[in-house]
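# Model the following, please.
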Amino acid sequence: MTISTSILFLLVFRTLFINDPQPAPARDIELVIDHAFGPEHLTLEKGYTVGNQVVTFTRLKYYVSNVTLRHADGTTWRDTEKYHLVEVDEETAAVATIKLKDVPLKKLAELKFSIGVDSVDNHSGDQEGVLNPDYGMFWMWETGYVFFKVEGYRASGEHDRGAFVYHVGRDNCFRTARLEIPGDVTAQASTLRVAADVSGIFKGLVGQQLRESKANASISVMGGPKALEAADNFVKIFSIAR
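Down below sits the predicted model:
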């Protein structure tokens, strides 16, 4: 072996083995979403006051998609599980847990996720996993999936009671939340807690519709301007729990 060949061999060896960067250590994180109504833990079938109305939730169900974590060094991690279906109903607790696997052991700076199904998957017909129509979140291939469902009852007195039904979907209602993670969350943290204050759903025109509802009238939002505002309201209910 000539000297030049030996030098070339050493350079290749150094490049392939000695300088080969090792992946950062990783750990699994539990993304815990705790649903509340204002300062109270959310309990189904319990009454909560909104203006002149008392609202009672019977169902809360929605898609969390494209979960992404940004680290303090600017790098990002994206969940390989694209969609998660969060459901709070008569048989489930108001705390939902999403497992995030193999997150690099680095300090976190931001949590980003979307509410709904992106336009490609939204128009690909019925699918598998949590997008399976058996979960009751699929309308039809023309309109796609329901991004979130909020159902319950409203009442302003003994003789005034009606239902409220918010089934919101369509591409223009797809929303993304960006939540800054406080600096005191350590790189070793195995749990990231998110508060979801569902009282925020009843803001603006959506809340006005509730407050001004006629006696014994039910409220339904499935499309139009109120659906857009409901989507805006819904994505804002989330915050990093302190």
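
# Could you use CA atoms for every contact and neighbour count after this?
Will do.

# Whichever strand or helix holds Val64 pairs with which strands, parallel or anti?
Secondary structure from DSSP states H and E places Val64 in strand 53-71. As defined by DSSP bridges, the strand partners of strand 53-71 come to strand 47-50 (antiparallel), strand 76-78 (antiparallel), strand 83-88 (antiparallel), strand 108-115 (antiparallel), strand 144-157 (antiparallel).

# Quick check: bridge partners of the spatially most central residue of the chain?
Centroid check for the chain by CA atoms, centre = their mean gives Val64 as the closest residue, at 3.4 Å. For Val64, the beta-bridge partners under DSSP bridges are His84, Ile115.

# Please apply the same query to Val103.
Under the criterion used here (DSSP bridges), Val103 is bridged to Arg27.

# That one reaches Ala26, doesn't it?
Yes: using CA atoms under 8 Å, Val103 is in contact with Ala26, at 5.1 Å.

# Pick out whichever of these two has more residues nearby.
Val103 (18 against 13; other CA atoms under 10 Å).

# what separates the more buried one from Ile181, distance-wise?
15 Å (CA to CA, to the nearest Å).

# Gly223 too?
Distance of Gly223 to Ile181, computed by CA to CA: 33 Å.

# same check, this time on Tyr83
Taken as CA to CA, the span from Tyr83 to Ile181 is 22 Å.

# Of Gly223 and Ile181, which one has the most company?
Ile181 (21 against 15).

# which residues touch the more buried one?
108-111, 240 (CA atoms under 8 Å, 6 or more residues apart in numbering).

# which among those end up buried?
108-111, 240 (16 or more other CA atoms under 10 Å).

# out of these, who's nearest Gln209?
The nearest member of the buried ones among the contacts of Ile181 to Gln209, counting by CA to CA, is Ile240 at 29.3 Å.

# quick one: contacts for the closest residue to the closest one other than its chain neighbours?
Counting by CA to CA, 6 or more residues apart in numbering, the nearest residue to Ile240 once its immediate chain neighbours are dropped is Val194, at 4.5 Å. The contact partners of Val194, by CA under 8 Å, 6+ apart, come to 31-34, 238-241.

# Could you dump the strands paired with strand 53-71 into CSV with mean pLDDT and distance to His167 added?
Shown next, in CSV, are the strands paired with strand 53-71 (pLDDT from 0 to 100; distance: least, CA to CA, whole Å):
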stretch, mean pLDDT, distance to His167
strand 47-50, 93, 20
strand 76-78, 97, 28
strand 83-88, 95, 14
strand 108-115, 97, 13
strand 144-157, 92, 5
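
# which stretch among these comes nearest Ser199?
Going by CA to CA, the one of the strands paired with strand 53-71 nearest Ser199 is strand 47-50, 7.9 Å.

# Quick check: buried residues in that closest one?
For strand 47-50, a neighbour-count test (16+ other CA under 10 Å) marks 47-48, 50 as buried.

# With stretch 60-71 instead?
Neighbour counts over stretch 60-71 (16+ other CA under 10 Å) mark 60-71 as buried.

# pLDDT (mean, whole number) over that stretch?
For stretch 60-71, mean pLDDT is 97.

# And for stretch 186-198?
Rounded mean pLDDT across stretch 186-198 is 92.

# what's the offset of it from the middle of its chain?
A distance of 13 Å separates the centroid of the chain from that of stretch 186-198, by CA atoms, centre = their mean, to the nearest Å.

# returning to that earlier point: hmm, which of the contacts of Val194 are the buried ones?
Neighbour-count burial (16+ other CA under 10 Å) applied to the contacts of Val194 gives 31-34, 238-240.

# In helices, which of those residues fall?
Judged by DSSP state H, the buried ones among the contacts of Val194 include no members of helices.

# want to try a markdown table for these, with pLDDT as columns?
Listed next are those as a markdown table, based on pLDDT from 0 to 100:
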| residue | pLDDT |
| --- | --- |
| Leu31 | 96 |
| Val32 | 96 |
| Ile33 | 96 |
| Asp34 | 95 |
| Phe238 | 98 |
| Ser239 | 97 |
| Ile240 | 95 |
